[in-house]
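Asks: Can you look at this prediction? I've put the sequence above it.
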Amino acid sequence: MDLTTTYMGLKLKNPLVPSASPLSKELDTIKKLEDAGAAAIVMYSVFEEQIAFEAEELSHFLSYGSESYAEAVSYFPQSQDFNLGPEEYLEHIRKAKQATHIPIIGSINGVTTGGWIEYAKKIEQAGADALELNVYFLATDANQNGGEIEQLYIDILKAVKNSVSIPVAIKLSPYFSSMAQMAKRFDQAGADALVMFNRFYQPDLDLEALEVKPGVVLSTSDDLRLPLRWIAILYGRIKANMAGSTGVHTAQDALKLIMAGADVAQMCAALLNNGPNYLAKVLSDMKQWLETHEYDAITTMKGSMSQKNIAEPKAYERANYIKALNEFGRYPAR
């Protein structure tokens, strides 16, 4: 059975790729993920703010914090509180490349077009096979219109693409007013892949301390539906590869994404909950399903359930909303 897939020009032995997360912080865990069958690994993100620390530009960010960052100064971690500094991150990539035989994808999280973008070149020089650009921007300025925000994403992508020769994926927010148009613009701007979607972790309130507290709520398989829908809609409309991220917990989740049109399925929460070896189970379950349903290659199923290939294309649009509500109404009240 042929499980190989191509992602950003990289030939992968299967479509399962651990996404950016603390799992890649330790070299031993990276090795365990490879042993379990990971086809590539996205390193956890180095942040624009970290690079600014190293360049002694912190005052530049804090001086206009409310204009570009929603975080208060008290929320901003000290440099030693980050997992690894920028130079250590580069060394970590070098070691990961030496210790493994699978592609290592660097990750940068940024929200401006500042000098930090040059760091992308250093990630390439450290040996990364590709780069994932994570633009985590929360639009809180009521005077900033949607067009300006969209252009910010495009400008960052173009700036990074101009600084490196390795493939670049961009991890998207699901909150654009015209998702299809933005996907097309990213494609035209040179994105080698679109990763759908970035999860915006929402703050909570501590009623006793009367404080806003950060927190991470891990995904479930139910969260797969958002990337599943948009990958299915975009399949065949753009040239860039697509990765499904958020909600991949089982073999069935990964297979759904491939049928929708994804090239790879990125995993995070399931591996954090169950450990690196869980990936081997998902891979085994995928093989079993493919054998049972008589598929000899995973590429033969790619896009088979996309909007362009199903009998009722409107099922991915408003028709799904209407049908879902009508079916829900049939259940008796308890």
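Replies: Cool, got the structure. Owing to the predicted nature of the structure, the values given are computational and were not obtained by experimental measurement.

Asks: Find the residue ranges of the stretch 101-250 of the chain scoring beneath the pLDDT cut-off.
Replies: Counting by pLDDT under 70, not a single residue of the stretch 101-250 of the chain qualifies.

Asks: Strands of that one, start to end?
Replies: 104-109, 130-134, 168-172, 193-196, 204-206, 211-213, 241-245 (DSSP state E, counting those that start in this stretch).

Asks: Only alpha carbons, please: show the host helix or strand of residue 52 as PDB.
Replies: Residue 52 belongs to helix 48-54 when assigned by DSSP states H and E. In PDB, the C-alpha atoms belonging to helix 48-54 read as follows (Å, rounded to 0.1, in the frame of the first residue of the first chain):
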ATOM      1  CA  GLU A  48       8.700  37.700  16.800                       C
ATOM      2  CA  GLU A  49       9.000  39.000  20.300                       C
ATOM      3  CA  GLN A  50      11.800  36.600  21.100                       C
ATOM      4  CA  ILE A  51      13.800  37.700  18.200                       C
ATOM      5  CA  ALA A  52      13.200  41.300  19.200                       C
ATOM      6  CA  PHE A  53      14.500  40.500  22.700                       C
ATOM      7  CA  GLU A  54      17.800  39.100  21.200                       C
END
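
Asks: just checking, what's the longest helix in this protein?
Replies: Assignment by DSSP state H gives helix 146-163 as the longest helix of the chain.

Asks: Report the buried residues of it.
Replies: Neighbour counts using 16 or more other C-beta atoms under 10 Å place 149-150, 152-154, 156-161, 163 of helix 146-163 among the buried residues. Every C-beta, even on glycine, is put in place using the N, C-alpha and C of the backbone.

Asks: Which strands and helices lie in contact with the helix holding residue 52?
Replies: Secondary-structure packing of helix 48-54 (3 or more C-beta pairs under 8 Å, 6 or more residues apart in numbering; DSSP states H and E): helix 58-63, helix 86-99.

Asks: Out of those helices, which one sits most buried?
Replies: Looking across the helices and strands packed on helix 48-54 with neighbours counted as mean count of other C-beta atoms under 10 Å, the highest average goes to helix 86-99: a mean of 17.

Asks: wouldn't residue 16 be in contact with residue 254 here?
Replies: Yes - counting by C-beta atoms under 8 Å, residue 254 is a contact partner of residue 16 at 6.4 Å.
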